[in-house]
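*Asks:* Fold the following for me, if possible:
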Amino acid sequence: MKGKLLWLILSCLMVAALVLSSCQPAPAAETDEEQAVTGKVVEKEAPVTGEVEEEKEVIKEEKLATIATDPKYGGTLVSVRTSDVRGFDVKLMADYSTTAIWTHEKLAKGDWARGPSGTGEVSWVLPGIWAFEYDAPMVAESWEWPDSETIVLHIRKGVYFHDKAPAFGRELTAEDVAYSIYRKLLDPNSMNYMTKDEDREGFTIEATDKWTVVIKTQERLQGSTIQNILAELWMYPQELGDGDATDWKDVCGTGAFVLTDYVVQSSLTFERHPGYWLEDPVNPGNTLPYLDSFRQLVIDDASTRLAALRTGKIDQYRGVEWDDAEGLMRTNPELNYSRYLVHLAPMIWMRLDKEELPYTDLRVRNALSMAIDRDALIESYYKGNAEKFCQPVLPCGELGDIFVPLEEHSEQTQAAYGYDPDAASALLTEAGYPNGFKASIVSTQASVDLLSIIKQMWSEIGVDLELDPKESGAYNSIQRGGGYDDMLLASETGIYYSVPLMYLDAFVPIYNRSYGYDQYVEDYYTENILAFRGPATDKTLRANLRALLPYLSDLRWAIEMPSPYYYCMWQPWVGGYKGEYSTGRGWWNDYPMYVWVDQDVKEYHTGQR
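*Replies:* As a prediction, this is how the structure comes out:
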């Protein structure tokens with residue numbers, strides 16, 4: 001990011017600079033008016049005079065003329081992705097790596113009308129948030145569980161597959177839903193196959209009539225089965241049989257869009273599904289989608305993506321870093337935007353399974369954390385665009401009942417997030433490292449600037465940090481396989497359902513990158529979280545997780561860096577959009593089915609319709 005190399009140039013003055021910056025007054029708090037801004041359409045109050053009022057009306061009319069307002073049909077929305085799709089069949093890979101979000105549907109999803117474009121109860125910016133209270137029925141009109149071993153799905157009438165092979169536009173029935181469940185959980189070729197024989201015992205799926213599916217499962221698995229089926233099951237036509245839909249031309253679902261063209265490493269093109277059933281939940285009576293077509297361009301270079309947004313070649317771009325966003329606001333003031341806290345916090349992981357390393361001592365881990373001046377980092381490195389404490393759960397709206405503020409954690413954890421190099425040195429001396437020690441950290445090339453600052457800070461307590469940056473392919477291989485001997489800088493999600501996995505032995509090295517083990521966490525997870533994954537106990541699950549968070553923080557298995565804010569930016573001709581990203585678990589980037597393109601506004605800004 002621009003300007004960050006200054007830290008390296010001034011490394012010899014780092015300590016003094018950080019001390020001075022940490023003593024500066026805190027940045028002024030945002031006003032209520034600023035907090036409410038998701039774009040730049042803000043009307044200031046002015047003294048009431050005829051002349052001023054007339055001017056205000058003219059300004060208002062001009063803004064309305066250049067910003068999409070009422071829903072309109074037609075047009076093409078163009079978005080961008082940083083890498084190509086990995087395939088097209090969710091049986092074989094994660095759904096976010098495919099086109100399923102636009103071409104297929106699930107039994108339920110998060111309610112768009114309760115997000116920013118509707119009532120604003122939910123932000124819909126975090127990937128994978130799943131809570132039944134915010135769900136809306138989709139392919140399943142309703143569901144019930146009459147006893148602890150039964151799940152009954154009532155299938156919606158009037159849902160049609162795309163008019164292409166193998167379904168040729170026919171209506172979806174309970175048989176398709178039963179087939180899709182089998183395909184996901186019982187097909188040995190599925191990535192979600194129930195591999196344990198004891199889990200498959202007694203598990204049955206039956207379409208009892210054209211619109212009803214009855215599932216039988218073990219009592220201990222009912223909750224997780226409900227979650228797997230309602231939140232993570234995509235509908236496929238039963239005509240596929242034992243086959244796969246690996247060719248893009250074979251993609252056939254009931255979703256809002258039909259995949260009509262695919263150019264490898266270049267673009268994906270979707271056209272409106274004319275038989276789509278859903279009405280706009282924010283504007284009832286309007287059938288969806290509004291768009292005639294939707295395109296995704298594959299652009300792996302960040303500067304090229306920014307240029308495409310700046311010149312109007314793409315209509316939306318999520319993941320803009322704060323300094324780039326500030327530049328776009330200057331060059332393209334017509335752009336709308338929303339700011340969000342990234343859900344992946346940078347974390348320094350330490351190998352706790354190696355007795356010869358100093359990190360097995362909690363005093364060492366606390367010392368390393370206390371030797372980082374996070375406030376100075378936020379002020380000088382991120383220019384205020386970051387938060388200091390975002391773990392183990394992100395401090396965002398949907399997670400407000402789970403997140404525990406820093407001041408409610410133990411004195412030990414509060415001290416670990418403060419900056420006190422003298423106390424850190426004392427802890428190292430107590431732990432037997434009065435002169436510090438040498439350490440090595442694996443990271444990506446992009447993290448070198450940040451880690452150079454950490455290196456300088458840690459040198460003040462005698463810790464000599466060697467940076468070992470890798471190119472992306474090598475780094476990913478090391479991260480996934482646990483091929484690091486000392487430290488690793490890797491981001492970890494603050495989404496609630498993934499949090500315990502960071503502390504469980506079964507998830508080394510996928511989530512538990514420090515290779516730690518704690519019996520209390522193992523037992524608590526089994527008794528109070530794993531056993532409460534069903535919808536009837538969702539609130540209990542969330543309460544149990546909140547109760548565990550202070551204990552997890554005290555473990556200090558990883559050292560949290562500040563979590564930066566990012567921006568979502570979109571063109572003024574995109575209507576019905578407020579920066580939404582994921583409406584419920586597994587619905588990443590599904591916003592094209594709800595938004596519209598105002599051709600008049602687009603022509604006003606670009607001269608093109």
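*Asks:* Is Ile155 in contact with Thr208, as I believe?
*Replies:* No: under the criterion of C-beta atoms under 8 Å, Ile155 is not in contact with Thr208, lying 10.9 Å apart. Every residue, glycine included, has its C-beta placed from N, CA and C.
*Asks:* Determine the number of other residues adjacent to Glu460.
*Replies:* As a burial measure, the neighbour count of Glu460 was computed by other C-beta atoms under 10 Å and equals 17.
*Asks:* what does the one 4 residues further on give?
*Replies:* Asp464: 12 surrounding residues under other C-beta under 10 Å.
*Asks:* in what helix or strand does it lie?
*Replies:* Element membership for Asp464 (DSSP states H and E) is strand 463-470.
*Asks:* average pLDDT for that strand?
*Replies:* Model confidence over strand 463-470 averages 97 on the pLDDT scale.
*Asks:* Check what contacts the helix or strand following that strand and list those residues.
*Replies:* Moving toward the C-terminus from strand 463-470, the first helix or strand encountered (DSSP H and E) is helix 472-481. Contacts made with helix 472-481 from outside it, assessed by C-beta atoms under 8 Å, 6 or more residues apart in numbering, are listed as Val442, Ser443, Thr444, Gln445, Lys470, Gly483, Tyr484, Leu488, Ala490, Pro509, Ile510, Arg513.
*Asks:* circling back: what residues are shared contacts of Ile155 and Thr208?
*Replies:* Shared contacts of Ile155 and Thr208, defined by C-beta under 8 Å, 6+ apart, are found at Ala174.
*Asks:* And those two? Which one has more around it.
*Replies:* Neighbour count, other C-beta under 10 Å: between Ile155 and Thr208, Ile155 has more, with 25 against 11.
*Asks:* Look up how far Leu278 lies from that one.
*Replies:* As for Ile155, its distance to Leu278 is 15 Å (criterion: C-beta to C-beta, to the nearest Å).
*Asks:* try Met191
*Replies:* Using C-beta to C-beta, we find Met191 at a distance of 28 Å from Leu278.
*Asks:* Equivalent analysis for Lys196, please.
*Replies:* As judged by C-beta to C-beta, Lys196 and Leu278 stand 37 Å apart.
*Asks:* ditto for Tyr160
*Replies:* As for Tyr160, its distance to Leu278 is 12 Å (criterion: C-beta to C-beta).
*Asks:* which secondary structure elements does the helix or strand hosting Leu450 contact?
*Replies:* Taking DSSP H and E as the definition, one finds Leu450 inside helix 448-459. Other helices and strands packing on helix 448-459, by 3 or more C-beta pairs under 8 Å, 6 or more residues apart in numbering; DSSP states H and E, are helix 6-9, helix 14-22, strand 437-444, strand 463-470.
*Asks:* Give me the average confidence score over the first one.
*Replies:* Translated: helix 6-9. Summarised as a single mean, pLDDT over helix 6-9 is 38.
*Asks:* what's Arg542 sitting at in phi/psi?
*Replies:* Backbone torsions for Arg542, taken as degrees, to the nearest 10, come to phi -60, psi -40.
*Asks:* picking that back up, have a look at Met191 and Leu278 and say which one is more surrounded.
*Replies:* Set side by side, Met191 and Leu278 show unequal neighbour counts under other C-beta under 10 Å, the larger going to Leu278 at 19 against 12.
*Asks:* The closest residue to the more buried one other than its chain neighbours: how many residues sit nearby?
*Replies:* Of all residues beyond its chain neighbours, the one nearest Leu278 is Leu288 (5.0 Å), with distances taken as C-beta to C-beta, 6 or more residues apart in numbering. Other residues near Leu288 come to 22 when the count uses other C-beta under 10 Å.
*Asks:* State the distance from Leu288 to Gly255.
*Replies:* Distance check for Leu288 against Gly255: by C-beta to C-beta, it reads 11 Å.
*Asks:* shared neighbours of those two, anything?
*Replies:* Residues within reach of Leu288 and of Gly255 at once, by C-beta under 8 Å, 6+ apart, are Tyr276, Met593.
*Asks:* Please name the nearest non-neighbouring residue to the residue nearest in space to the middle of the chain.
*Replies:* In the chain, the centroid-proximal residue (C-alpha atoms, centre = their mean) is Pro127; its distance is 3.1 Å. Sequence neighbours aside, Ser582 is the residue nearest to Pro127 in space, at 4.6 Å (criterion: C-beta to C-beta, 6+ apart).
*Asks:* Enumerate every residue touching that neighbour.
*Replies:* The neighbourhood of Ser582, defined by C-beta under 8 Å, 6+ apart, consists of Gly110, Trp124, Val125, Leu126, Pro127, Gly128, Ile129, Trp588, Asn589, Asp590.
*Asks:* Could you export those residues to JSON lines, including columns for secondary structure, pLDDT and distance to Asp518?
*Replies:* Listed next are those as JSON lines, based on DSSP: H, G, I helix; E, B strand; the rest coil; pLDDT from 0 to 100; distance: C-beta to C-beta, whole Å:
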{"residue": "Gly110", "secondary structure": "strand", "pLDDT": "89", "distance to Asp518": "33"}
{"residue": "Trp124", "secondary structure": "coil", "pLDDT": "89", "distance to Asp518": "34"}
{"residue": "Val125", "secondary structure": "coil", "pLDDT": "85", "distance to Asp518": "32"}
{"residue": "Leu126", "secondary structure": "coil", "pLDDT": "79", "distance to Asp518": "27"}
{"residue": "Pro127", "secondary structure": "coil", "pLDDT": "73", "distance to Asp518": "27"}
{"residue": "Gly128", "secondary structure": "coil", "pLDDT": "65", "distance to Asp518": "25"}
{"residue": "Ile129", "secondary structure": "coil", "pLDDT": "69", "distance to Asp518": "27"}
{"residue": "Trp588", "secondary structure": "strand", "pLDDT": "82", "distance to Asp518": "32"}
{"residue": "Asn589", "secondary structure": "coil", "pLDDT": "88", "distance to Asp518": "36"}
{"residue": "Asp590", "secondary structure": "coil", "pLDDT": "92", "distance to Asp518": "37"}
